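J.: Need the 3D shape of this:
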Amino acid sequence: MRNEFALERYRYILQQIHAVNENAYRFLAIYQTLATTLIGAALALFVGYRKWEVEPAVARGGVVGLLTLTTVVAAFTVALILVGALAWMDYRNEECDVTDEIVGQGFRERPRPGNLLRWYETYMLLFILVSIVIMWTLAGLFLLPSMQ
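T.: Now for the predicted structure:
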């Protein structure tokens, strides 16, 4: 009975690890979709504000607002990915506990934060952070100053 329970718990843990991994990709896809839409709206505002007879100050405020909203979406996505990574580490440690008890000590190695460069979440977070920095830099250098 004990082994059956441990096996079911092990299956559940593996299922949760898989779900956490899939969620990271979902969060990145949501960020990419929302960021593309919001930045597209900011560029449309930049291109069309004269034609639409929008005051330059209002148009600049709109662009800054859209960039800020994109940054908020990015921050939320980063938080979700970080929480997912922490949950993954917790499930992996629990997996190791189960295998240590049922199979034997050291059957599975515990996750090491030192392997950060091998985790795809690291590169997702870098992508998000770099895209936000580039977005604000380009807007500050090119878009906002030319909206006179």
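J.: Could you give the number of residues near residue 94?
T.: By other C-beta atoms under 10 Å, the residues close to residue 94 number 16. Glycine gets a C-beta too; all of them are placed from N, C-alpha and C.
J.: residues in contact with it?
T.: The contact partners of residue 94, by C-beta atoms under 8 Å, 6 or more residues apart in numbering, come to residue 13.
J.: what about it, distance to residue 87?
T.: Residue 94 sits 10 Å away from residue 87, going by C-beta to C-beta, to the nearest Å.
J.: same question, residue 109
T.: Relative to residue 87, and taking C-beta to C-beta, residue 109 is found at 19 Å.
J.: higher neighbour count, the two?
T.: Counted by other C-beta under 10 Å, residue 109 and residue 87 do not tie: residue 87 has more neighbours, with 15 against 8.
J.: helices or strands up against the helix or strand containing residue 12?
T.: Residue 12 belongs to helix 2-48 when assigned by DSSP states H and E. The contact analysis (3 or more C-beta pairs under 8 Å, 6 or more residues apart in numbering; DSSP states H and E) places helix 2-48 against helix 56-102, helix 120-138.
J.: so which of the ones you listed is the most packed in?
T.: Of all the helices and strands packed on helix 2-48, helix 56-102 has the most neighbours on average by mean count of other C-beta atoms under 10 Å, namely a mean of 16.
J.: got the angle between that one and helix 2-48?
T.: Helix 56-102 and helix 2-48 are oriented at 170 degrees to each other (axes from the mean of the first three to the mean of the last three C-alpha atoms, to 10 degrees).
J.: between helix 56-102 and helix 120-138, how many degrees?
T.: With the same axes, to 10 degrees defining the directions, helix 56-102 sits at 170 degrees from helix 120-138.
J.: Tell me the gap between helix 56-102 and the middle of its chain.
T.: 4 Å (C-alpha atoms, centre = their mean, to the nearest Å).
J.: Rounded mean pLDDT for it, please.
T.: Averaged across helix 56-102, pLDDT comes to 96.
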